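In: Provided below for reference: sequence and predicted model.
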Amino acid sequence: MELAVAPIHCLAPQASMRDKPLLRLFGFDRRPAAGRRPRRQRLSATFRLSACGAGSHFMVEDNLDALLQVLPSDLRNDLMCEPGRSQLVEVTMKDLEYALDAVGEFVDNRAGMAGTLHRIAAIKNREGAVVGLTCRVGRAVIGHGDMVYDLLRYGKSILFVGRPGVGKTTAMRDLARVLSDELCKRVVIVDTSNEIGGYGDVPHAAIGSARRLQVPEPLLQHKVMIEAVENHMPEVIIVDEISTKAEAFACQSIAERGVMLIGTAHGETLTNMLKNPNLSDLVGGVRAVTLGDDEARLRRSRKIVLERKAPPTFPFVVEMRKRCSWVMHRTEKSVDMLLHGKLPLVEVRRRDDQFKVVIERWKTYDEQYM
């Protein structure tokens with residue numbers, strides 16, 4: 001039997017908030033009594049504060065102790081003393097049964113722990129019996145949203161793309177906090193797998209004052225997205241893992257109503273999005289156009305060419321190439337140039353040795369940034 005303990009890696013955020021009161025930094029700015037929301041769990045004391053140069057710091061919460069409580073005491077003690085505990089650990093069936101009893105019910109082969117961001121996924125055999133667990137350590141990173149803080153002020157929708165594990169959900173979590181607490185927006189999170197806000201009825205404090213709608217099952221995500229617009233008056237909707245045509249259509253409908261969208265999708269580059277038939281409309285879509293003889297000669301191209309068929313649902317696309325290196329596209333211009341066989345100009349966003357965000361503008365889109 002196997003127990004895989006796989007950490008969700010995260011970025012060290014920019015330290016641009018050092019002058020703000022600590023409660024404000026954590027999203028606990030006080031409201032008048034009449035307008036106060038129900039109290040949420042405070043961020044635990046497992047935050048790690050690390051100085052990174054003059055006035056620079058970052059904060060990461062992992063609640064790892066809580067996750068290890070589901071393990072038998074001997075295995076838990078071994079992991080607590082093991083610096084490489086992100087590696088695969090073999091356990092016995094007795095250990096596995098102990099963990100299953102501690103975790104409780106699995107929904108969609110997933111379970112979580114209230115008050116934390118951890119996720120436990122079941123590995124089943126053909127008969128449906130659980131033969132292994134994958135425990136993912138969820139961390140809240142205060143300041144992760146600094147990488148695109150300037151874009152948030154435009155009020156335009158942003159789509160994040162990247163391979164699994166690159167930090168998309170971690171970014172969504174901190175953007176929810178920034179938009180709700182610092183920019184004072186009405187933010188609603190459509191949290192299909194409870195990865196953004198954590199398990200339990202009270203969402204994790206890392207999302208700030210954002211509200212969270214849980215989704216009964218993944219196939220209903222698009223319906224809950226529309227419900228969020230119709231019933232909860234959001235200024236911003238945050239949704240993780242857009243993957244189906246129904247969800248893409250819901251995004252288009254939401255954008256047409258003037259609501260800002262922050263979303264994620266699997267795929268490493270903007271080109272991947274254009275080639276995905278379910279998601280290409282989010283970035284403007286592609287259609288074949290037949291040119292007249294004169295127009296083809298003027299363009300020096302074939303008579304049948306590819307063009308963008310509509311304005312993109314997301315005016316900005318951010319490729320999360322690495323945890324500390326992102327590529328930002330102005331979607332409309334980049335898609336047009338890519339369809340014409342040209343390399344667009346992009347912004348490359350990185351963190352320096354002091355964890356400050358460095359933006360290189362008007363860089364030619366090339367493999368060195370991919």
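Out: Yep, it's here.
In: show me the contacts for the closest residue to residue 233 other than its chain neighbours.
Out: Nearest residue to residue 233, sequence neighbours excluded (C-beta to C-beta, 6 or more residues apart in numbering): residue 186, at 6.2 Å. Every C-beta, even on glycine, is put in place using the N, C-alpha and C of the backbone. Going by C-beta atoms under 8 Å, 6 or more residues apart in numbering, residue 186 touches 180, 211, 232-236.
In: narrow those to those in helices?
Out: residue 232 (DSSP state H).
In: compile the contacts of residue 186 into TSV and extend it with columns for neighbour count.
Out: Shown next, in TSV, are the contacts of residue 186 (neighbours: other C-beta atoms under 10 Å):
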residue	neighbour count
180	23
211	17
232	12
233	10
234	23
235	16
236	22
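In: quick check: of the contacts of residue 186, which lies closest to residue 265?
Out: Of all these, residue 236 has the smallest distance to residue 265: 17.5 Å, by C-beta to C-beta.
In: so what's that closest one up against?
Out: Residue 236 neighbours (C-beta under 8 Å, 6+ apart): 179, 185-188, 259-262.
In: inside strands: which ones of those?
Out: Judged by DSSP state E, those include 187-188, 260-262 as members of strands.
In: take those residues and write them to TSV, including pLDDT, neighbour count and distance to residue 354.
Out: What follows is the ones in strands among the contacts of residue 236, written out as TSV (pLDDT from 0 to 100; neighbours: other C-beta atoms under 10 Å; distance: C-beta to C-beta, whole Å):
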residue	pLDDT	neighbour count	distance to residue 354
187	98	26	30
188	97	27	35
260	97	20	31
261	97	23	32
262	97	25	27
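In: want to throw those residues into a markdown table with distance to residue 166?
Out: Listed next are these as a markdown table, based on distance: C-beta to C-beta, whole Å:
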| residue | distance to residue 166 |
| --- | --- |
| 187 | 23 |
| 188 | 25 |
| 260 | 23 |
| 261 | 20 |
| 262 | 16 |
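In: closest to residue 366 out of the contacts of residue 236?
Out: Using C-beta to C-beta, residue 262 is the member of these that lies nearest residue 366, at 27.0 Å.
In: in space, what's closest to that closest one - neighbours in sequence excluded?
Out: residue 238 (4.6 Å).
In: who's the one you found bridged to?
Out: Taking DSSP bridges as the rule, residue 238 bridges to residue 189, residue 262.
In: could I get the contacting residues of it?
Out: Counting by C-beta under 8 Å, 6+ apart, residue 238 touches 172, 175-176, 187-190, 196, 210, 261-263.
In: one more time with 7 Å, if that's ok
Out: 172, 175-176, 187, 189, 196, 262 (C-beta atoms under 7 Å, 6 or more residues apart in numbering).
In: per-residue pLDDT of it, please?
Out: We have a pLDDT of 98 for residue 238.
In: and the gap between it and residue 281?
Out: According to C-beta to C-beta, to the nearest Å, residue 238 and residue 281 sit 20 Å apart.
In: got the contacts of residue 238 as CSV, with distance to residue 273 columns?
Out: Listed next are the contacts of residue 238 as CSV, based on distance: C-beta to C-beta, whole Å:
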residue, distance to residue 273
172, 18
175, 20
176, 23
187, 24
189, 22
196, 21
262, 16
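In: from those residues, which is closest to residue 64?
Out: Distances from residue 64 to these, taken by C-beta to C-beta, are shortest for residue 196, at 19.1 Å.
In: where do the strands of the stretch 251-370 of the chain begin and end?
Out: Along the stretch 251-370 of the chain, the stretches classed as strands by DSSP state E, counting those that start in this stretch are 260-266, 286-290, 304-308, 316-322, 325-330, 345-351, 357-364.
In: could I get the second one in CSV with only the CA atoms?
Out: The C-alpha coordinates for strand 286-290 follow below in CSV (Å, rounded to 0.1, in the frame of the first residue of the first chain):
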residue,chain,number,x,y,z
VAL,A,286,-10.7,30.7,-34.6
ARG,A,287,-12.4,30.6,-38.0
ALA,A,288,-11.3,29.9,-41.6
VAL,A,289,-11.8,32.9,-44.0
THR,A,290,-11.6,32.7,-47.8
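In: contacts for it next, please.
Out: 274, 280, 303-309, 339.
In: and of these, the nearest to residue 153?
Out: Nearest to residue 153 among those: residue 308, at 25.9 Å, using C-beta to C-beta.
In: next, count neighbours for the closest residue to that closest one other than its chain neighbours.
Out: Nearest residue to residue 308, sequence neighbours excluded (C-beta to C-beta, 6+ apart): residue 284, at 4.1 Å. As a burial measure, residue 284 scores 23 neighbours (other C-beta atoms under 10 Å).
In: thanks again, I'm all set now.
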